[in-house]
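J.: Have a look; sequence and predicted model below, questions after that.
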Amino acid sequence: MMFNWLSLVTGLFYIVLGIVVIIYKFFFTILDPGVAYALGALLILYGIFRIYRAILRLKNSGNEK
C-alpha cells in the first residue's frame, strides 16, 4: 500500500522535473533547446505513466479488501 503512494509522489516528482528541464534547459549540464524539450517531455510522460499505474494499483487494492 505504501509503495503505491510513494509511486504516486514519484510520478509527480518526474513531472515537475520535466517541467524544470524544459524551462531552465539544464539537467546536470546546459542542454540545447531540442534536447531539453525531448528530455523534459520524456520525463513528463514517464511521470504520467507512474501516476496512472499507481492509481490502478490503488483501485485494485481497494477491491481486494
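T.: Yep, that arrived.

J.: Spell out, range by range, the helices that occur in the chain.
T.: 2-24, 33-64 (DSSP state H).

J.: Next, format those as TSV and append mean neighbour count and mean pLDDT.
T.: C-beta: built from backbone N, CA, C; applies to glycine. Converted to TSV, the helices of the chain look like this (neighbours: other CB atoms under 10 Å; pLDDT from 0 to 100):
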stretch	mean neighbour count	mean pLDDT
helix 2-24	15	92
helix 33-64	14	91
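
J.: Now for Phe49: which residues touch it?
T.: Listed by CB atoms under 8 Å, 6 or more residues apart in numbering, the contact partners of Phe49 are Gly11.

J.: try Ile51
T.: 7-8, 11-12, 15.

J.: What separation do you get for it and Val9?
T.: 9 Å (CB to CB, to the nearest Å).

J.: Of all residues in this protein, which one is nearest the centre?
T.: Nearest residue to the geometric centre of the chain (CA atoms, centre = their mean): Gly47, 1.8 Å.

J.: any idea how far that residue lies from Ile30?
T.: Taking CB to CB, one finds Gly47 at 23 Å from Ile30.

J.: Next: Leu39.
T.: 12 Å.

J.: And Gly11, by the same measure?
T.: Distance from Gly11 to Ile30, by CB to CB: 27 Å.
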